[in-house]
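Peer 1: generate a structure from the sequence data that follows.
(5 chains)
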Amino acid sequence: MVKKRRQRSSKTKSKKKQEFYHQPRKMPGTIIIDENAESSSMYLIEYNLTEVIYQPIKTPEECSNFLDKTSISWIDVRGLGTEDILQKMGVVFDLHPLVLEDVINVVERPKIEEHEGQLVIIVRMVIPKKNDGFHSEQVSMILGENYLLTLQEEPEHDCFSPVRLRIRYNKGIIRKRGVDYLVYALLDAIIDGFFPVLEMYGERIEDLESEAIFNPSRETLQKIYRIRRELLQLRRSIWPQRNVINSLIRDSNELISDEVRIYLRDCYDHTVQVMDMVETYRELSSSLMDVYLSAVGNKMNEIMKVLTVVSSIFIPLTFIAGIYGMNFNTQKSPYNMPELNWYWGYPLCLTLMVIIAISLLVFFWKRGWLENSSTIKHD
Amino acid sequence: MVKKRRQRSSKTKSKKKQEFYHQPRKMPGTIIIDENAESSSMYLIEYNLTEVIYQPIKTPEECSNFLDKTSISWIDVRGLGTEDILQKMGVVFDLHPLVLEDVINVVERPKIEEHEGQLVIIVRMVIPKKNDGFHSEQVSMILGENYLLTLQEEPEHDCFSPVRLRIRYNKGIIRKRGVDYLVYALLDAIIDGFFPVLEMYGERIEDLESEAIFNPSRETLQKIYRIRRELLQLRRSIWPQRNVINSLIRDSNELISDEVRIYLRDCYDHTVQVMDMVETYRELSSSLMDVYLSAVGNKMNEIMKVLTVVSSIFIPLTFIAGIYGMNFNTQKSPYNMPELNWYWGYPLCLTLMVIIAISLLVFFWKRGWLENSSTIKHD
Amino acid sequence: MVKKRRQRSSKTKSKKKQEFYHQPRKMPGTIIIDENAESSSMYLIEYNLTEVIYQPIKTPEECSNFLDKTSISWIDVRGLGTEDILQKMGVVFDLHPLVLEDVINVVERPKIEEHEGQLVIIVRMVIPKKNDGFHSEQVSMILGENYLLTLQEEPEHDCFSPVRLRIRYNKGIIRKRGVDYLVYALLDAIIDGFFPVLEMYGERIEDLESEAIFNPSRETLQKIYRIRRELLQLRRSIWPQRNVINSLIRDSNELISDEVRIYLRDCYDHTVQVMDMVETYRELSSSLMDVYLSAVGNKMNEIMKVLTVVSSIFIPLTFIAGIYGMNFNTQKSPYNMPELNWYWGYPLCLTLMVIIAISLLVFFWKRGWLENSSTIKHD
Amino acid sequence: MVKKRRQRSSKTKSKKKQEFYHQPRKMPGTIIIDENAESSSMYLIEYNLTEVIYQPIKTPEECSNFLDKTSISWIDVRGLGTEDILQKMGVVFDLHPLVLEDVINVVERPKIEEHEGQLVIIVRMVIPKKNDGFHSEQVSMILGENYLLTLQEEPEHDCFSPVRLRIRYNKGIIRKRGVDYLVYALLDAIIDGFFPVLEMYGERIEDLESEAIFNPSRETLQKIYRIRRELLQLRRSIWPQRNVINSLIRDSNELISDEVRIYLRDCYDHTVQVMDMVETYRELSSSLMDVYLSAVGNKMNEIMKVLTVVSSIFIPLTFIAGIYGMNFNTQKSPYNMPELNWYWGYPLCLTLMVIIAISLLVFFWKRGWLENSSTIKHD
Amino acid sequence: MVKKRRQRSSKTKSKKKQEFYHQPRKMPGTIIIDENAESSSMYLIEYNLTEVIYQPIKTPEECSNFLDKTSISWIDVRGLGTEDILQKMGVVFDLHPLVLEDVINVVERPKIEEHEGQLVIIVRMVIPKKNDGFHSEQVSMILGENYLLTLQEEPEHDCFSPVRLRIRYNKGIIRKRGVDYLVYALLDAIIDGFFPVLEMYGERIEDLESEAIFNPSRETLQKIYRIRRELLQLRRSIWPQRNVINSLIRDSNELISDEVRIYLRDCYDHTVQVMDMVETYRELSSSLMDVYLSAVGNKMNEIMKVLTVVSSIFIPLTFIAGIYGMNFNTQKSPYNMPELNWYWGYPLCLTLMVIIAISLLVFFWKRGWLENSSTIKHD
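Peer 2: Residues are numbered from 1 along each chain as shown, chains lettered A, B, ... in the order given. Purely as a prediction, here's the structure:
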């Protein structure tokens, strides 16, 4: 019932699109292991008020020893590439085939589902990329009575480490509370991970603002479009996340205690704040496109002004020079270009030209076409 | 009660519009067979946990033998062109006249209706066209207690074959479940069919992005507009589909078991994912129009820069050449163009021109008007 | 209590605006007969399963003879210009003054109201105009227990004739059902009347697409704006219509039987389909404006390219010609334009010009500015 | 507890902004009399089925004589400038301090509130200005068991006179109904007052359409922006008004009888109609901005065509003239400009020029750049 | 449990972004004191109908003496920089750790929460900046049975002083009511603080309107974008504020009396009014961008007109001058430029030029290209 998804590494383009969605499998309940996926490794954290055990696990069956205990067991699976482990996990934790499929065949859209004593929470975490943009990754949580199973796509991106440290060093109240508080702490860490990404976008939009106004180029246009596209993607990650957390707060479920619901309300506030920011940035990036368009028009105006000033001054002057370059025979008639033979002919002609040039300069100066300071200042 | 719809093959234009809507008939309950419709053929799949019968059917009456059995009967009608067969189908399956009409006179808008022990589900499936765009087709399902009647517009487009294979080779759990699971499997196959179409649009939009930024032409404009139009059409197909599946999940109906509702929730998630993608692509295509407009302005700037640089440099120089082309009589007066008789007159004049040209080049270079690298790189 | 509305035939402008709204009267319950309104004529159709009587009526009082009968009476008033008839109608059918006012002083917005045993349905029908655009007209229906009173604004526009024919020739089930089915049949005929109008707009938008892309002119701009305005008007007609039909389906009312509600659901589907189309066309026409703007920019680019190519080639050449048109005295100095006296001077000069011209042509050709094929093809 | 609001007549700008909002006072319950407000005058209309008394009142205390009677008392206060009168009114009618404040310190936003046996209705009426735009004014109604107190901002704008006439001359049913019908009649008169304003905007938008398409100027731009701003303001007046009337219809309140609710439904329909119109005009004015932008681009195209045609024809010709203006010495070499000495040199040269000019004209004519008829026709 | 947030004073950019959001802390319940925060100072106002005590407090523990009393205690903490004081405050007032965190780590989004007998209200107040824009600051209120604890970010911005004065001088009814009325008075003062900011934006938009139409520059573009950004931010402050006040009115809570709810309704009206204004200004600023774009196009038209008029007049004239500057040998042939030897040659040539120039001027004048009055008037 397991097929290998064909590798598409040759098509570099499709890489980018994968960030947008993952095509669901053909048959419901089928698990398709992505050949590019990292091999799975498992870690167990077993803790109560007094003790913490932190150890890697080899086989999923080991977990079953811990599930019965009264202490809290957090099994963290990183990498979704080892089919055998994942299948056994499904057996050990008694997962519905559709749940196992959603968890492994990364489904993109955050959601929450209840399955016979288990709460399945699928969310998205984001990590800013070094250059720009962000990396988005699915995180699945299966919450049981005293255990939590989490599955992350890629081992190297991990926003759970602050929570792990708080457990290990007993910081805060995390070890005094149940497994539902652990879920809250992880969700909170995930939402907190959106803020650096947002901050990056805030900075990029601010940089683009002056670039668009004072120095619009094709690259600016491309950047604005890219930001719009990425923000659309970010928005698609965060909107359903809000519903997930809202469900956790509102829906009656024994696995979540009332006390933790108060904490989740705080987490919900942060999610709404992220959404607000994304919407604000989307509107700003949309305005930036208008700004860019206007600035391109402005730049054209600057160019045209130069052309018009230069042309309008020299074309009439050239015409006058052309007049006195004509070869009418001055000897045939006194009316044929007598100016050529005047004593002051040439100086008068030059004077006329200077007067015309100055008049036109004054005309253009009055219109403000000679003040290009703003351009020079910023270019 | 059956009229032949007049063929409009002469008007090639109307072909395209038909994708948008089908004008309803004049009299309620009238069946209008489209003359272009393919002739109908029927196929029966009768299956239970142990056996599968797969056979074509000649006459609708044959079906009635199968409807009583406890095994599941799936009658698949392909092609809506044979009036006689369709009418008899209506009798055999006891269909309400309005249902028969909706099924045959393809009504475009997905919907779900309950009619005395039958659940009528009308949805749209899409198939990507070879060149571009997509083909949209109505699929009707009439779900009874242990039978399912499906009607498809055109035989050659068929997204049911994976389901058929799963039944034949007993893959997955399909033969262990009832007819409601079959409905789910078919709906799921239809929704899955949207993803290749979406992928196509994702690729087209990405291609158009660089085309719009670096090489905007009239064809680009046309392509952007076409994408917008097609996405509007896609959206009109998928929005009501979501409501259909949501109704299946929420509305109490004996024909759909609770277990299948869990599966339908999964299908609903995919539908929402499709909608999300369509909306995202619509926003992106809308941004593309702005990008295009900005890029056209940019291109004009490039053109104007060339004109301005060339004109602004040569027009003043030509003026100077014009000055010394004047024919003022140097013999009449020492003030009349004495330069012409200077020993270094001509070299000085050329030097002046070179200085002016260099000054202007420096002026334009400082403004960044001489750097056209970006254009050359991408054109 | 009846005033004549002052005729405004002198102001041709106001004609167009009247399509948008009708200013309500000053005093509630006042009937204002439009002087331009056609004089009223009345027609009665009395039918049951076996018989049909079709006859014009002279005076409203005649109607009362038919209202008591068990057969179904449909009184159709065409033209709202004869005050006397309308007033008497109000008395015979016992209409609330506000209803009579709404019916006669055409109120634009479709609505449904219940008044003591009567259901008042006010809807809008549209008829495509010969040239372009559409004609919109109010249709009022007053539904009683076994009668239906309909009032139409203008006799010549009539979309009820197919229903009339179905009654006369006993086509379909119309004569087997009650007066509520007649209401459905008429509503259905009215909604069906929107489709030819929509088809017209579909064609116009398609025509405008290529006009906007390949041959944008001021007339194109005007057409796009006109389409937008007309679609806004169409939308204002169809939105409340949907609510009217929805009310008929949902609100409990003895006058509408459950069976007819099934039929009305079908009619509702068509209304939603019309709304979908109008919204789609509105979005497309909005895109067209962007397309137009982009195409205008494109056209400017074409013009500027020609100017730039011609200017950039000939201005430098003219400068060279100007150089050798200078009159520096070659006899005063060997440095004064010795080229003029060279043996190969003129041919060298021409060769230089040709080289410059070719270089520039190559430069422009590389930029793609010489390929104007797309313009020529479509202009 | 009463402060004089400082007059800001020196700042003419703020006058315009006051139409947008009125800053609320600093301390709740404070009455701030605007120094510009007209001094208050009071009028009483006391009527029942048989009698009408119409008289001005000097002091608010006079009113108390009428409040006990069974006949209906309508006290109309015009002008909100006399603090003393307003304060006493508050005492006589037992108004809540916040109500008195809202009524006097014009709060802009229509609303409805219930206060111990009184229904406080605050709405906005609009009056078209002579030049353009409209004047907006707050009207407050306090409805008691058998009295109605109305307060209007400025005496000269009065849309209540038709109602007053109907009472005096006993037109319609107004004197047969209670005070709630009077409220309806006044609300209806206020809503009716929106229609002339809408008609004005309809006409202005229509005028602007052809101005924007055929003769776009800066004034057009300003007019479009002004219309947008005024429509935004109109919309802010009418949206909450709808809620006010809807509350009157839906909320159970003893002061409004069921019969009057039927009339109010009619009034509600008109309000919705006004809203529809405002939205339609807003969309049209928004389209107009796009139209304007496109038309500006079109105009530029016209200008550029002229420049390009003239330049492209004469620049090459001037170059040729420049060639033969060169001074290469024909005596030094047979290759130096032999054309100058040809017998047919000059005529051949002119012929060449004419051929070039004609070729270019044909080229431009084929592109359609010589047809400026559309411009000339409309300019 | 308290960490110092690292100062980012080196990055001046981040200052601006902080106005947009504050990144939540890493661990729930952590208090992070901003190093830039002002040190905290505390003030107590203890009042009842007869007495007022107004005194600064040194240590939070002093407060506890006042909390038991029946009179109303308002403790106002200004500046959130002294960790010790804030922690002790949390102990004295028995605050939930999350509440203390929200209050100190300024969370941006207004909200309301109930915690065991306490009502926590977090809102935003705005103060106009001297130059432009506004300063936004979080205000937290913790309402107990007979005490109110308020915390403000910065001491120098204080919009509570009018309320303080009303308590001190016993103006209005504030001392006659309970602590809930105090909450209302403070909320009302905060909402009132939005109006001067709105007024500022109204004025700025009005100024920008004529700037955009008549004198568009890059600075105008920047200003429009800035206004859009600031209005987005303002909107994000006011939207959740409305929900907060609405919750206060609707949710049953013993701490808020019914009488104060009436006052809060008034406050709610003002909030809605602020929202209306913000939306209106947002739409206007969005229109301004279109206006700007159109105006840039207009300006280009003006420039192009000048260029076209000058070029189109002088280029043909220069061509004629060029013709007669050619050196065809008149002695070789009678056809070689005989005009040069005509008696009236030169005068005729000049006359021809004048005629051409006048014709072109008339042509341009008819097109209206010579009327630049509108530009000159406003520049």
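Peer 1: confirm that A:Arg124 sits in a strand.
Peer 2: Yes - A:Arg124: assigned to a strand according to DSSP: H, G, I helix; E, B strand; the rest coil.
Peer 1: next up, the contacts around it.
Peer 2: Applying Cβ atoms under 8 Å, 6 or more residues apart in numbering or on different chains, we find A:Arg124 in contact with A:108, A:110, A:136-139, A:190, A:237-238, A:241. C-beta: built from backbone N, CA, C; applies to glycine.
Peer 1: now it: how far from chain B?
Peer 2: 13 Å (Cβ to the nearest Cβ, to the nearest Å).
Peer 1: show the pLDDT at that residue.
Peer 2: If you check A:Arg124, the pLDDT there is 90.
Peer 1: select from the contacts of A:Arg124 every entry located in strands.
Peer 2: Judged by DSSP state E, strands contain the following of the contacts of A:Arg124: A:136-139.
Peer 1: per-domain residue ranges of chain A.
Peer 2: Following the assignment in automatic domain parsing, chain A carries domains at A:1-174, A:304-378.
Peer 1: for those domains, which one sits closest to C:Arg175?
Peer 2: Among those, domain A:1-174 comes nearest to C:Arg175, with 50.5 Å by Cβ to Cβ.
Peer 1: among the domains of chain A, show the one with the smallest mean pLDDT.
Peer 2: domain A:1-174 (a mean of 78).
Peer 1: any idea how far the closest residue to chain D within the stretch 101-250 of chain A lies from A:Lys299?
Peer 2: Residue of the stretch 101-250 of chain A nearest chain D, by Cβ to the nearest Cβ: A:Pro216 (18.1 Å). Distance, A:Pro216 to A:Lys299, using Cβ to Cβ, to the nearest Å: 6 Å.
Peer 1: give the contact list for the closest residue to A:Met300 other than its chain neighbours.
Peer 2: Counting by Cβ to Cβ, 6 or more residues apart in numbering or on different chains, the nearest residue to A:Met300 once its immediate chain neighbours are dropped is B:Asn301, at 5.3 Å. Counting by Cβ under 8 Å, 6+ apart, B:Asn301 touches A:296, A:299-300, A:303.
Peer 1: now the helices: where do they sit in chain A?
Peer 2: Secondary structure of chain A, counting by DSSP state H: helices at A:12-18, A:63-67, A:83-92, A:97-104, A:161-168, A:179-192, A:194-214, A:218-250, A:258-323, A:345-366, A:373-378.
Peer 1: can stretch A:233-252 be found next to chain E?
Peer 2: No - using Cβ under 8 Å from any Cβ of the partner chain, we find that stretch A:233-252 stays clear of chain E, coming within 12.5 Å at best.
Peer 1: dump the C-alpha coordinates for that stretch into CSV.
Peer 2: This file holds the C-alpha atoms of stretch A:233-252, laid out as CSV (Å, rounded to 0.1, in the frame of the first residue of the first chain):
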residue,chain,number,x,y,z
GLN,A,233,1.5,31.8,0.8
LEU,A,234,2.1,32.9,4.4
ARG,A,235,-1.5,33.9,4.6
ARG,A,236,-2.7,30.5,3.5
SER,A,237,-0.6,29.0,6.3
ILE,A,238,-1.8,31.2,9.1
TRP,A,239,-5.6,31.5,8.4
PRO,A,240,-6.5,27.8,9.0
GLN,A,241,-4.0,27.8,12.0
ARG,A,242,-6.3,30.3,13.7
ASN,A,243,-9.2,28.0,13.3
VAL,A,244,-7.2,25.1,14.7
ILE,A,245,-6.4,27.0,17.9
ASN,A,246,-9.9,28.4,18.2
SER,A,247,-11.2,24.8,18.0
LEU,A,248,-8.8,23.8,20.8
ILE,A,249,-10.2,26.6,22.9
ARG,A,250,-13.9,26.3,22.2
ASP,A,251,-14.6,22.7,21.5
SER,A,252,-15.2,20.6,24.5
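Peer 1: do me a favour and get the end-to-end distance for stretch A:169-179?
Peer 2: Stretch A:169-179 stretches 17 Å from its first residue to its last (Cα to Cα, to the nearest Å).
Peer 1: can you point out the buried residues in that stretch?
Peer 2: The neighbour-count check on stretch A:169-179 (16 or more other Cβ atoms under 10 Å in any protein chain shown) flags A:172, A:174-175, A:177, A:179 as buried.
Peer 1: no further questions, thank you.
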